[in-house]
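> Everything below, folded, please.
(chains A and B)
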Amino acid sequence: MENTRVFVGLGSCGIAAGAQDIYDYMAPDLKSGGLDLEVTSCVGMCYAEPIVEIEHNGERRRYGYVDKKFADELLESVKTGTFPEKNMIALSEDGKKYLDRQVKIVLQNCGIINPECIDEYLEADGYKALTKCIEEYKPEEVVSIVKASGLKGRGGAGFLTGLKWSFLAGAKGDKTGDTECRDPVLSRKGDKTGDTECRDPVLSRKGDYKYLVCNADEGDPGAFMDRSILEGDPHKVIEGMLIGAYATGAKEGIIYCRAEYPLAIKRLNIAIAAGEEKNYIGDNILGTDFSFHLHVKEGAGAFVCGEETALMASIEGKRGMPRLRPPFPANSGINKSPTNINNVETYGNVPFIILNGADAFNKYAFKNSYGTKVFALAGKIKRGGLIEVPMGLSIREIVTDIGGGTSSGRPVKAVQMGGPAGGCIPERLFDTPIDYDSINETGAIMGSGGMVVMDDSTCMVDVARYFLSFTQNESCGKCTFCRIGTKRMLEILIRITEGNGKLEDLDKLEELAGHITKTSLCGLGQLAPNPVLTTIKYFREEYEAHIKNRECPAGVCKSLITIQVIPDNCTGCTLCARVCPVSAIEGMRKKIHVIDPETCTRCGLCIEACNFDAIEVV
Amino acid sequence: MACKDCSSAVLEEARQIVNEVGSEPEKVIPLLQEIQNRHSYLPDDLVEAVADVMEVPAADIYGVATFYSQFRFTPMGKHLIKVCKGTACHVSGADLLTASISDELGVEEGGTTEDMLFTLETVACLGCCSLAPVVMIDDKVYGKLTSSKVRKIVKEYKDGKH
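Now for the predicted structure:
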């Protein structure tokens, strides 16, 4: 077992796929041989989880699809020094296709190092970029380098990061010294009338007290980039924040993370504690007069808190409702102090840029977009996972080459990009390159990086309804058109999926969409109609089929389909009759079964249960 | 404005929680999270007692609590089942899973079984999209599910195997 190390990838999705069981299974055996089973995080090849890696004499072999039986084989191989050739997912044809087009800047360490061990990050050149900044650059030089790199905000809006930083660096706050009341309206102390004392004057820190916030409130359904980065390489994000703090003069950092990501929060807290111990975080960092304190703030489940002004309200302990800008956060943010907010992936790019220079980053360029973008490739895709690609790669290259096409083998129909604020891009536009401008032209948005692949069994009207019911539910209610308009749009969409739509409904949807976009304060409302507008634009015939012919071509909308038995395939096994929750299937053993369309609720359980493909949707 | 219906034990707990977490206005969410950690939901009397200790109207606290979907106002069952309704799960049949679990337990989405064993909720996205459709029971995520698989898993919990 000499010169051998064994690793298990324990990211959230790896654990869900059984990696923790594999860890628990292999660890005692290795331990008895004097070897500690090591932990890494998600390497991005989610389709092949659980993943075990074995390093022997400096050579690293990555094994996928590890079950207990295969784990036995691997344990044996560690003892003998002869390693199996199968399931080596990084070297297989599939694996090469998956990896070859990728360029890893942000994800460089994910799945390679132990995220809970600062020493492994340091070995991977960790905190060298911070040291370089402190030793070699003035703060304004750091801002210039980030500006020159062309890095844009990876949270979706695509604002130039360097420019944003320069706003915070130049912000003065109102006045110094005063400890004014943060929010006198809320002060309702005492039972008597009149007094409007301040509830907590200590917290009012105007002047040059600046905040730097990391937005890790990744709420888009179908997106898990930020979670994977935080779970896999928390120090990189922290280092990016430290560099940002050095460049802008921020004193306090807050990572606002979704409460649904317990592992990410745990690893962040471990990383912060280790960083403090080594004096990368805290007072007088590395013996200089640069000080920066950092802590994690857990969200409480509100999608709108991904919007920066809502996020700040939530940090202040209020309802997370957006407010009008200006004033922009750089002038008046948390507790009215100047504040800068960037996304997880944005900070994750910064150490690379500082260490290797702006040119090393923006050599990956397409039109006005530079560097790479991390995507969460999911949905009906053969090889789904976390990928990082250079700008300019086409959607087709991602879906076909990297992802290997659909998991079902059926024709691919569209990809949904940008979550509830994004749109559906049809297959015929798959040659669109990945860059902010080109994606915007399709009507979708780059968004934070969720990319959900859909095949021809996905109904686009249903997808539009799905996203709108999401935004409608998550609307904070402040703006009338977002609150009521999305509700009206949803009602129309439900009507269409139930076969009660009218042709003029499509015009009505577009009209409402226009009003909502124009009259909403924040991105949630402004972009909420996107999934509807793009599906009407590219899949109008599908809407018309629902309305004119009362048909759902994809066979999804329950009111418009019938489920029936294919007599030729039915063996009379009674399985479907047994799973039917409403007893709508009549059938004797060895006799062809019949589904009563009146009783049937079209839940589809029988289709899933049937082993003979004997039930179809018409 | 003492909390009229609060017992001294509840007030004592409220003081303890506020001492631990802090009483600044920005601590409202962590305070609520701590209450829910302890009780699995936000009991009325405790929230009011915390408001008392903080010297703010309980309505302020409720205003925040009702805004965020994390907070619950009724007791939770022993096991919390969260069906993911993310995009990838939706196109892979998450509705079918919800229907199956709902049928298996005889409880609607958002409800708790009479024996207080299960609470069934849906969640916007668990971020395990490559394993869609997924369901999270307590801290464990189950992926690549079908309705028959999920029924089997729920039955195991019913039988106390987890």
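
> Correct me if wrong, but A:Y246 is in a helix.
Yes. With DSSP: H, G, I helix; E, B strand; the rest coil as the criterion, A:Y246 is located in a helix.

> Pull the number of nearby residues for it.
23 (other Cβ atoms under 10 Å in any protein chain shown). Bear in mind the C-beta positions are built from the backbone N, C-alpha and C, glycine included.

> I'd guessed it sits against A:V142; true?
Yes. In terms of Cβ atoms under 8 Å, A:Y246 counts as a neighbour of A:V142; the distance is 6.3 Å.

> which residues are common contacts for the two?
A:C133 (Cβ atoms under 8 Å, 6 or more residues apart in numbering or on different chains).

> Would you work out how far apart the start and end of stretch A:224-239 are?
The straight-line separation of the ends of stretch A:224-239 (Cα to Cα, to the nearest Å) is 21 Å.

> roughly how far is it from the heart of the chain?
11 Å (Cα atoms, centre = their mean, to the nearest Å).

> Please see if it touches chain B.
Yes. Contact between stretch A:224-239 and chain B, assessed by Cβ under 8 Å from any Cβ of the partner chain, occurs at A:224, A:227.

> Give me the secondary structure label for A:V374.
Put simply, A:V374 is strand when judged by three-state DSSP.

> Quick one, grab the pLDDT at it.
The per-residue pLDDT reported for A:V374 equals 97.

> Dig out what it forms beta bridges with.
According to DSSP bridges, the partner residues bridging A:V374 are A:E388.

> wouldn't it be in contact with A:G385 here?
No. Counting by Cβ under 8 Å, A:V374 stays clear of A:G385, with 10.9 Å between them.

> so where's chain A shaky on pLDDT?
Across chain A, the ranges flagged by pLDDT under 70 are A:173-207.

> Using the record's assignment, carve it into domains.
Following automatic domain parsing, one finds the domains of chain A at A:4-100, A:121-186+A:201-358, A:365-455, A:460-548, A:562-617.

> Tell me which of the ones you listed sits nearest to B:K85.
In terms of Cβ to Cβ, the element of these nearest to B:K85 is domain A:121-186+A:201-358, at 6.9 Å.

> helix or strand for B:A51, which one?
helix B:44-54 (DSSP states H and E).

> ok now that helix, how far from the chain's centre?
20 Å.

> The lengthiest helix in chain B near chain A at all?
When chain B is parsed with DSSP state H, its longest helix is helix B:8-21. No. Interface with chain A: helix B:8-21 contributes nothing (Cβ under 8 Å from any Cβ), its closest point being 11.1 Å away.

> now the helix or strand following that helix and helix B:8-21, what's the angle there?
Remark: after helix B:8-21, the chain's next helix or strand is helix B:28-39, criterion DSSP H and E. Taking axes from the mean of the first three to the mean of the last three Cα atoms, to 10 degrees, one finds that helix B:28-39 is oriented at 130 degrees with respect to helix B:8-21.

> Looking at strand pairing, list the partners for whichever residue of the stretch 401-550 of chain A sits closest to chain B.
Here the residue of the stretch 401-550 of chain A nearest chain B is A:V452; by Cβ to the nearest Cβ that distance is 4.5 Å. Beta-bridge pairing for A:V452 (DSSP bridges): A:A378, A:Q416.

> Roughly how far does it sit from A:C110?
Going from A:V452 to A:C110 by Cβ to Cβ, to the nearest Å gives 21 Å.

> A:E498 too?
Counting by Cβ to Cβ, the separation of A:E498 from A:C110 is 44 Å.

> Looking at the two, which one has more neighbours?
A:C110 (27 against 14).

> low-confidence ranges in chain B?
Using pLDDT under 70, chain B drops low at B:1-4.

> who are the neighbours in contact with the residue nearest the centre of it?
Among the residues of chain B, B:R72 comes closest to the average C-alpha position under Cα atoms, centre = their mean, at 5.5 Å. B:R72 makes contacts with B:36, B:40-42, as judged by Cβ under 8 Å, 6+ apart.

> so which helix or strand takes in it?
For B:R72, there is no enclosing helix or strand under DSSP H and E.

> So what's the residue count around the residue of the stretch 401-550 of chain A closest to chain B?
For A:V452, the neighbour count with other Cβ under 10 Å is 31.

> swap in A:D613?
10.

> what do you get for A:I145?
By other Cβ under 10 Å, 20 other residues sit near A:I145.

> Give the closest residue to residue 157 in space, chain neighbours not counted.
Assuming you mean chain A. Leaving out its chain neighbours, the residue that sits closest to A:A157 by Cβ to Cβ, 6 or more residues apart in numbering or on different chains is A:G523, at 7.3 Å.

> meant chain B actually
B:H79 (5.5 Å).

> Which residues are in contact with the one you found?
Residues near B:H79 by Cβ under 8 Å, 6+ apart: B:117-119, B:137-138, B:157, B:162.

> Ramachandran angles for it?
B:H79 adopts backbone torsions of phi -110, psi 140, taken as degrees, to the nearest 10.

> And it, how far from A:E140?
55 Å.

> what's the burial count for the closest residue to A:E298 other than its chain neighbours?
Excluding its sequence neighbours, the residue lying closest to A:E298 (Cβ to Cβ, 6+ apart) is A:A259, at 4.7 Å. Neighbour count for A:A259, taken as other Cβ under 10 Å: 15.

> Neighbours of the nearest residue to A:P338 once chain neighbours are set aside, how many?
Leaving aside its sequence neighbours, A:P338 sits nearest to A:A171 (Cβ to Cβ, 6+ apart; 3.6 Å). Counted with other Cβ under 10 Å, the neighbours of A:A171 add up to 21.

> which ones are touching the residue of the stretch 401-550 of chain A closest to chain B?
A:V452 touches A:222, A:378-379, A:415-416, B:87-88, B:91, B:129, counting by Cβ under 8 Å, 6+ apart.
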